[in-house]
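**Student:** I need the structure of the sequence given here:
(one chain, ligands or ions: 1)
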Amino acid sequence: MGKPHEAYIKQGVEDFTGRINKYFTVAWQIIAPPKNAGVMQEAELKKQEAALILQALQPDDQLILLDERGKQLSSPELAQLVQQKANESTRRVVFLIGGAFGVDESVTKRANFVWSLSKLVLPHMLVRLVLAEQVYRACTILRNEKYHHM
Ligand SMILES: C[S@@+](CC[C@H](N)C(=O)[O-])C[C@H]1O[C@@H](n2cnc3c(N)ncnc32)[C@H](O)[C@@H]1O
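**Tutor:** I've put the predicted structure just below:
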């Protein structure tokens, strides 16, 4: 949920996304916030964003919500989670980054897993870059490739 990739992360996000594509088909879907988002109260904005998010999901999507209050994973644990979804023949795993205020609780309820990258609140754009890099890292761990060093 947010703006197109900003210049300072675009190259990195596109690089890691391209690398992930060698293992799994992957794509970004950027959902633009409602037009008058700037003047909306937090609760109303999260509700409207939730409607857009839930509308973009398919019933069988496995939704992994990124949220600093979620469960932290090591990189090998993330790799296991990816493997588990692949074993379950999941058609789509969706990693969701929320809006400026996070997400409405209807979205949290829909999530199959809530993943925290850290207890720190990170800026939206940085979350995109870390997400892309960590998913790539998970792919290399699953293939025993040399990228990840313990
Ligand atoms: C600017 S943050 C939202 C701020 C804060 N979560 C709130 O509720 O007010 C935008 C999005 O980045 C993601 N995010 C930020 N920090 C994160 C972290 N440490 N772990 C996982 N996701 C994070 C979440 O998806 C969040 O909805």
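**Student:** show me the contacts for residue 52.
**Tutor:** 1, 31, 34 (Cβ atoms under 8 Å, 6 or more residues apart in numbering). All C-beta spots, glycine's among them, are computed from the backbone N, C-alpha and C.
**Student:** Number of residues surrounding the closest residue to the last one other than its chain neighbours?
**Tutor:** Residue nearest to residue 34 in three dimensions, not counting chain neighbours: residue 48, with 4.7 Å by Cβ to Cβ, 6 or more residues apart in numbering. Counted with other Cβ atoms under 10 Å, the neighbours of residue 48 add up to 18.
**Student:** And residue 48, which helix or strand is it part of?
**Tutor:** Remark: residue 48 resides in helix 42-56, with elements defined by DSSP states H and E.
**Student:** same thing with residue 95?
**Tutor:** With the criterion set as DSSP H and E, the secondary-structure element containing residue 95 is strand 93-97.
**Student:** anything in that strand near the ligand?
**Tutor:** Yes - remark: strand 93-97 sits within contact range of the ligand at residue 97, by Cβ under 6 Å from any ligand atom.
**Student:** Residues in contact with the next helix or strand after that strand: which ones?
**Tutor:** From strand 93-97 onward toward the C-terminus, using DSSP H and E, the following helix or strand is helix 105-110. Residues outside helix 105-110 that contact it (Cβ under 8 Å, 6+ apart) are 47, 50, 53, 54, 57, 63, 65, 67, 96, 98, 114.
**Student:** This completes my enquiry, with thanks.
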